[in-house]
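J.: Need a 3D model of the following:
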Amino acid sequence: MNLDKQPNRLIHEKSPYLLQHAYNPVNWYSWSEEAFVKAKQQNKPIFLSIGYSTCHWCHVMARESFEDREVASILNDNFISIKVDREERPDIDSIYMKVCQMMAGHGGWPLSIFMTPDKVPFYAGTYFPKQQKYGMPSFVDLLQGLSKKFQQDPQHILEVTKSVENALDRTLTIKSNQRLTEKHVEEAYNQLGKSFDFEYGGFDKAPKFPMPHNLMFLMRQFYFSKNTAPLKMAEHTLHSMAAGGIYDQIGFGFSRYSTDEIWLVPHFEKMLYDNALLLIAYTEAFQITHRPFYRKISEEMIEFISREMTSADGAFYSAIDADSEGVEGKYYVWDYEEIITILGDELGNLYATFYDITPEGNFSGSNIPNRIESNKVSMTEQSETFEKTIEDKLESARKKLLQEREKRVYPHVDDKVLTSWNGLMIAGLAKAGKVFQNKTYITMAQQAMQFIENHLVQNGRLMARYRDNETKYLSYLDDYAFLLWGYSELYDATFHLTYLQKAKQLLDQMLELFWDHEHGGFYFSGKDSEALIAKDKEVYDGALPSGNSVAAVMFVRMGYLTGETRYLDYAEEMFYSFYDDLKVQASASPFFMQSLQLMEFPSKEVVVIGSNADPKKQAFLQQLQEMFLPNVTILSLEDSDQVNDIAPFASAYRAINGETTIYVCENFSCKQPTTNIAEALSYIE
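T.: Model (predicted):
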């Protein structure tokens, strides 16, 4: 492979994305002091290209431009070119994406930044074709024009970079003297309602992203308000997505987004974080409704993750590419004749009827299996026996098709292990294991956490990325917040106090490294991290919730679990810190709104003291685990001395007459302890 080409500097990197560019004729640098020194010495502008290994348009730009010798010659003669993997350096990506959105009015990947040797941008965009098309300028013309501008009009470059620096300064969050309240929770719900697609579910028009944190917020809004409308919105979306092509009907797992409003045609790449968050959403929907459908989708997602995104050591890979053999979606689509040949006429036609497989196809002459139409046709008129017979046959067909599909050229897998995304999947698996009482899922979560602890902690400091025996990059806020979520869910699933203790240590370290002592909230990078052109503090939720959103929810949960009211004080401060960001568009951070829900509505702390060998205790805990109780924290002890350092408020509690005893408190004000399970449940529900 590439034997006729000479590698560039990226050949020494571990990032799958950087390695994809290691044989480009472009003289790439990684983000390094060497590159910036060279740019200053040669007085050249920097071309910064940011992407990730499973990004379709990154591949397109690579084929058109970075593998092209004409383009490479222009870049090598006139620029210092730097490649960055956004998944390894989200700190760099976040700052320059913000600049791109300010300068170009939009963002995305590949992200193309032109900047001075001092790292300040003077031009920004995303994908550029080599030759002018799609209404976009030619990349060749752009390179030549910007190089000329940089050399011949330094005053213009200086003016632009000054305006960029000033604009970045204005984005810094300043604490307000006003506080977010329950009113903003209601506003977030109303705003989501206005953007909701009542026909197909989801929010806004195409392209449509799953946005599972929107659904989590809506399910909690149903729980706290007793209004069924938000639950119906969440359920409609969950059903529509699972019926669509965005869900891999043959191998399971969700793609990153749908290119249309009906969830039919996905952008075929599969991301670990989407599937982790969706696993949580479907599991919680099962908790609320007890509908087997949600359990089925949850278990299918776990089957996919176990089969295709789990390393031999139990950690989780980052992503699976959309492209196979250079064609987007080729691995996943089918011809009608192919289906009939594999399954035979009878089973093939049955499958084709239910999964929208036709000779003309539903995607560029091929077929994306989906149940969008058959999902609309209720089978309630048929007997349960008839329905089960049909579903059994369809499942038999699915297995045959999966077996056949596995003979195709498999898409590229980005096999790096990211602490943050692993934290999300750990949380999802632990929650699923708890709710479905499945120890295998909990074991998967525990093995991944063990991998993180063994490979992604150096000198007590959490790190961001592991690949090919290399651990690199100081962790970011998301790594701490998402891993904290993982520890929290593992504690809820197992009641092992070690997880609660580790969560507390992680939260305290997160405060030490990332907290803004002047205005509250967390910076994205730690105080020991590389200084960039601006500090970044983000509360808005994108395709996944922001670190500040998750941290705020974890503050509240940890505050109630441990009785450490200082954690609640930090959450309270964040309601002032982000008031100006969210006062108008509260729905821009639905996950952050969860922390308000938990603080503004009554919460309950349950302490259970008794022998773990007591069947009554285990039955009670299992009953609580299976219920949707977002405002209830559960501390399970055999002896109150166990929690002197973890949850001192519970250290004075005692079992009555040696029986399992339950203390139920509301905002730290406790009812009389009871040994009666039914009585305790009446306090909780």
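
J.: neighbours around residue 553, how many?
T.: Neighbour count for residue 553, taken as other CB atoms under 10 Å: 26. All C-beta atoms are positioned from the backbone trio N, CA, C, and that covers glycine.

J.: Just confirm it contacts residue 594, I think it does.
T.: Yes - the pair residue 553 / residue 594 is scored as a contact, 5.0 Å apart, by CB atoms under 8 Å.

J.: OK, contacts around the spatially most central residue of the chain?
T.: Nearest residue to the geometric centre of the chain (CA atoms, centre = their mean): residue 273, 3.4 Å. By CB atoms under 8 Å, 6 or more residues apart in numbering, residue 273 lies in contact with 420, 421, 424, 543, 544.

J.: So how do I select the buried members of these in ChimeraX?
T.: The following ChimeraX line selects those of the contacts of residue 273 that are buried, judged by 16 or more other CB atoms under 10 Å:
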select :420,421,424,544
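
J.: got CSV for the contacts of residue 273, with distance to residue 144, pLDDT and secondary structure too?
T.: Below are the contacts of residue 273 laid out as CSV (distance: CB to CB, whole Å; pLDDT from 0 to 100; DSSP: H, G, I helix; E, B strand; the rest coil):
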residue, distance to residue 144, pLDDT, secondary structure
420, 39, 98, helix
421, 39, 98, helix
424, 43, 98, helix
543, 35, 92, coil
544, 38, 95, coil
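
J.: The strand or helix carrying the residue nearest to the centre of the chain: how far from the chain's middle?
T.: Per DSSP states H and E: residue 273 is located in helix 272-289. How far helix 272-289 lies from its chain's middle: 12 Å, per CA atoms, centre = their mean, to the nearest Å.

J.: buried sites along the lengthiest helix in the chain?
T.: Longest helix in the chain, counting residues (DSSP state H): helix 384-405. Buried residues in helix 384-405, counted by 16+ other CB under 10 Å: 393, 394, 397, 398, 400, 401, 404, 405.

J.: where does this protein dip in pLDDT?
T.: For the chain, the stretches with pLDDT under 70 are 1-4, 375-386, 668.

J.: please redo it, this time with the cut-off set to 50
T.: Along the chain, segments meeting pLDDT under 50 span 1, 3, 377-382.

J.: Could you list the domains of it?
T.: 9-170, 182-305+485-600, 336-407, 604-684 (automatic domain parsing).

J.: quick one, which of the ones you listed is packed in tightest?
T.: Mean neighbours per residue, mean count of other CB atoms under 10 Å, is largest over those for domain 182-305+485-600, with a mean of 21.

J.: Can you give me the end-to-end span of that one?
T.: Taking CA to CA, to the nearest Å, the first and last residues of domain 182-305+485-600 lie 6 Å apart.

J.: Present the buried residues of helix 384-405 as a markdown table; the columns should include distance to residue 432.
T.: Converted to a markdown table, these look like this (distance: CB to CB, whole Å):
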| residue | distance to residue 432 |
| --- | --- |
| 393 | 28 |
| 394 | 24 |
| 397 | 26 |
| 398 | 21 |
| 400 | 27 |
| 401 | 26 |
| 404 | 29 |
| 405 | 25 |
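
J.: Residue 325 is nearest to which of the domains of the chain?
T.: Residue 325 lies closest to domain 9-170 among these, at 11.8 Å (CB to CB).

J.: How far does the closest one stretch from one end to the other?
T.: 37 Å.

J.: Could you do stretch 518-529 as well?
T.: In stretch 518-529, first residue to last residue: 19 Å (CA to CA).

J.: Centre of the chain to it, how far?
T.: Distance, centroid of stretch 518-529 to centroid of chain: 21 Å (CA atoms, centre = their mean).

J.: One more: stretch 256-272?
T.: That offset, for stretch 256-272, works out to 15 Å (CA atoms, centre = their mean).

J.: and what of stretch 417-433?
T.: Distance of stretch 417-433 from its chain centroid, counting by CA atoms, centre = their mean, is 10 Å.
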